[in-house]
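Undergrad: Could you look at this predicted model? Sequence included:
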There are 2 protein chains.
Amino acid sequence: MPHVESAGLRERKKQRTRQAIFAAALRLFAERGYDETTIADIAAAADVSPRTFFAYFPSKEDVIFAEIDDRLAEVQQRLSRRTPGETPLEIIRQSVVEVMEALVAEQGEHGPVQVRLVLERPALQARALQRMHETKQEVQRQICQLCPGLDEIEAVAISGMALGAMQSVVIHCRQNGLAPGTTRTALDRALALMERGLRSVPALNEPIP
Amino acid sequence: MPHVESAGLRERKKQRTRQAIFAAALRLFAERGYDETTIADIAAAADVSPRTFFAYFPSKEDVIFAEIDDRLAEVQQRLSRRTPGETPLEIIRQSVVEVMEALVAEQGEHGPVQVRLVLERPALQARALQRMHETKQEVQRQICQLCPGLDEIEAVAISGMALGAMQSVVIHCRQNGLAPGTTRTALDRALALMERGLRSVPALNEPIP
DNA sequence: CTGCAAAGTTGCAACAGATGCAGAATTGCA
DNA sequence: TGCAATTCTGCATCTGTTGCAACTTTGCAG
């Protein structure tokens, strides 16, 4: 019998096929655009039948989101393993930063294409926002667990606030083509603002003429 | 020539047809569910041809969102007309409350069905979140215009924070079946939290054991 | 009242995404 | 080598969506 190693030839072949479909799809998306690429095109380029595509990805959208979803799931896992000694606020800050890093990671040659497609196709953007909302709920659950003294509504508000600010900052930086480092700085400023509160911003508290 | 009055028989008839399609669709969605209702079903129930459906709504989803979109557009319009004397912070608060009220308004007999569908169908939820994001950007633009002394990143963060908190609170209240009044109270608490800042919450700033 | 042009409606054909099903091909292992 | 499980494939089908051309209704001028 085969050992743990690579979990069998069968499994490896499956991974190779999946990767072939993924690579073919992203290449075609980059060349002709998302809507202009059909499942049949992708299947042909990956040398499988159109029907087989759906054995690997539940939908066309999922080709783009599979990786991002994996990374977000990983972050969500990590959220539950916290070392003592930190304050909840520090943990929230750290969580938000980690989620951001999972989102802006542009792995390999396809990352930039994924990001561009999500930003310009409303349907894909909608799905990304939904995934973000799931993450928000996960963060909220963690906050509730971490702070028994905190009302549930407050936990909801805090997670919504933190992830909402992050989401807007990331999208804004992306759309304006800012460098990744700039995004991180912007996020830090946003989080600082959240911690200090809006009352601390003079520009917001002076009556307008 | 016809006067302003009802803008002609033609227009009135169009409105009636639109309403018929809308009502038929919502009734069928409530009875059998969204996915289980086809365009053909809706058209038959509204006594028009399936092709005509698309002359009134660009897609099946739009039957559910047309009204909400209208209300949100109206709120966005109102954002730009502000009376002097208020502080930007007061205006932000007011804007957020107005957006919320546009979202939770359950007009007529179909409102509750719309809300339920959006909450339980991921695809519809995704679209709702996307619309919310557009509103966020509109609020951001207003903040920028209102506070010339404010950095753009900060405006982005503030709108993301405010609308993000509101969004989470509304969804949370909906999913737990809380009364509308409770939602308003919860939103007020969330906004207060945002104004004071997270540093003001003791539970967040004590190290966990 | 009548006819014409504009606006609205409809059927038809076509395409793409998605799904169920059954048979063919492949793989793992005894 | 052969069997059983797994995977791949073709086929039929359904649904949403769009373009097109023909048909019908409506508004209005003469």
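TA: Perfect, I can see it now.

Undergrad: CA only for contacts and neighbour counts going forward, please
TA: Fine.

Undergrad: ok, how many other residues are close to A:Asp41?
TA: Applying other Cα atoms under 10 Å in any protein chain shown, we find 15 residues neighbouring A:Asp41.

Undergrad: quick one: secondary structure of it?
TA: helix (DSSP: H, G, I helix; E, B strand; the rest coil).

Undergrad: Pull up the gap between it and A:Ala25, please.
TA: Plainly put, A:Asp41 is 8 Å away from A:Ala25 if you go by Cα to Cα, to the nearest Å.

Undergrad: Just give the closest residue to the residue in chain A that chain B sits nearest to, not the sequence neighbours.
TA: Closest residue of chain A to chain B, Cα to the nearest Cα: A:Gly197 (3.4 Å). Nearest residue to A:Gly197 in three dimensions, chain neighbours excluded: B:Gly197, at 3.4 Å (Cα to Cα, 6 or more residues apart in numbering or on different chains).

Undergrad: Name all residues that make contact with the one you found.
TA: By Cα atoms under 8 Å, 6 or more residues apart in numbering or on different chains, B:Gly197 lies in contact with A:193-198.

Undergrad: Quick check, A:Cys173 in contact with A:Thr183.
TA: Yes - A:Cys173 is in contact with A:Thr183 according to Cα atoms under 8 Å; the separation is 6.0 Å.

Undergrad: Comparing these two, which shows the higher neighbour count?
TA: It is A:Thr183, of A:Cys173 and A:Thr183, that has more neighbours when counted by other Cα under 10 Å, with 23 against 20.

Undergrad: Helix or strand for the spatially most central residue of chain A, just tell me which one.
TA: By Cα atoms, centre = their mean, chain A has its centre lying nearest to A:Leu103, at 3.8 Å. Per DSSP states H and E: A:Leu103 is located in helix A:88-104.

Undergrad: what's next to that helix, contact-wise?
TA: A:68, A:71-72, A:75, A:79, A:82, A:139, A:143, A:146-147, A:162-163, A:166, A:170, A:180, A:187, A:191, B:198, B:203-208.

Undergrad: Of those, just the buried ones, ChimeraX syntax please.
TA: Buried subset of these, written as a ChimeraX selection, criterion 16 or more other Cα atoms under 10 Å in any protein chain shown:
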select /A:68,71,72,75,79,139,143,146,147,162,163,166,170,187,191 /B:198,203,204,205
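
Undergrad: Now do the same contact list for A:Arg184.
TA: Taking Cα under 8 Å, 6+ apart as the definition, A:Arg184 has no contacts.

Undergrad: Follow the chain on from the host helix or strand of it and name the next helix or strand.
TA: Using DSSP H and E, A:Arg184 falls within helix A:180-196. As assigned by DSSP H and E, the chain's next helix or strand after helix A:180-196 is helix A:202-205.

Undergrad: Now look at that following helix and say if it contacts chain B.
TA: Yes - Helix A:202-205 is in contact with chain B by Cα under 8 Å from any Cα of the partner chain, via A:203-205.

Undergrad: so can I have CSV of those showing distance to DNA strand C and pLDDT?
TA: Compiled in CSV, these are given as follows (distance: Cα to the nearest atom of the strand, whole Å; pLDDT from 0 to 100):
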residue, distance to DNA strand C, pLDDT
A:Ala203, 47, 94
A:Leu204, 45, 95
A:Asn205, 48, 94
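
Undergrad: can you tell me which of those lies nearest to B:Ile158?
TA: A:Leu204 (10.3 Å; Cα to Cα).

Undergrad: A:Ile153 - nearest residue in space that isn't next to it in sequence?
TA: B:Ala186 (6.5 Å).

Undergrad: What is the burial count for the one you found?
TA: 21.

Undergrad: how about the host helix or strand of A:Ile64 against DNA strand C, any contact?
TA: Using DSSP H and E, A:Ile64 sits in helix A:60-79. Yes - Helix A:60-79 reaches DNA strand C (Cα under 7 Å from any atom of the strand) through A:60-61.

Undergrad: Run the angle between that helix and helix A:88-104 for me.
TA: 150 degrees (axes from the mean of the first three to the mean of the last three Cα atoms, to 10 degrees).

Undergrad: what helices or strands is helix A:60-79 leaning on?
TA: On a contact count with 3 or more Cα pairs under 8 Å, 6 or more residues apart in numbering or on different chains; DSSP states H and E, helix A:60-79 meets helix A:8-32, helix A:88-104, helix A:122-146.
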